[in-house]
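J.: pasting the structure only:
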């Protein structure tokens, strides 16, 4: 996050940036662990989006200004995109695509019109089922059935998986495109 009271020429310098969260190591987080780090930040961003934040003074508006915050887009590699969206790693999932209900047997299907899209209401319903399950065993069954678990990003009222972009470097240069 940057400070709006500074001129744009210095606002993005490292000494003027607020780092809101750091994922603990030594390994990358998995499953629900990533949500523990993202949840506080996503909650604040969602409230800012819904109600706005008032800044008493900014560089361009010394008399003050109200602003809203939004997360868009999320650019990551394939593994991180699945972790962030609450979907399983492609090698463990029956459905390998974040956006569509495509099985591994459909890997060679190029008929885009035959692909059944995942819908936001469908994903939110699966997340609600998971969250309401009383035991971890029941949550595991729901996850295996739907391939979906809660993600801190889904607490953003406007979140949609189409906001996730697997960047070209990871997609092409690191050779992960073959897994999409």
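T.: Yes, it's here. Please read all numbers here as calculations on a predicted model, not as lab measurements.

J.: pLDDT at the residue lying closest to residue 95 once chain neighbours are set aside, what is it?
T.: Among residues not flanking residue 95 along the chain, residue 147 sits closest, at 5.2 Å (Cβ to Cβ, 6 or more residues apart in numbering). From N, CA and C alone the C-beta is placed, and that goes for glycine too. Turning to residue 147, the model gives it a pLDDT of 81.

J.: try residue 1
T.: 67.

J.: and if you look at residue 55?
T.: Reported pLDDT for residue 55: 86.

J.: For the residue nearest to residue 95, grab the count of nearby residues.
T.: 22 (other Cβ atoms under 10 Å).

J.: quick one, strands of the protein?
T.: Secondary structure of the chain (DSSP state E): strands at 53-55, 65-67, 74-76, 164-166.

J.: Which elements pack onto the first one?
T.: Spelled out, it's strand 53-55. Using 3 or more Cβ pairs under 8 Å, 6 or more residues apart in numbering; DSSP states H and E, the elements in contact with strand 53-55 are strand 65-67.

J.: Touching, residue 160 and residue 119? I think so.
T.: No: in this structure, residue 160 is not within contact of residue 119 by Cβ atoms under 8 Å, at 9.6 Å.

J.: Looking at these two now, which is surrounded by more residues?
T.: residue 160 (16 against 10).

J.: Look up how far residue 42 lies from the residue lying closest to residue 72 once chain neighbours are set aside.
T.: Nearest residue to residue 72 in three dimensions, chain neighbours excluded: residue 163, at 5.6 Å (Cβ to Cβ, 6+ apart). Distance of residue 163 to residue 42, given as Cβ to Cβ, to the nearest Å: 13 Å.
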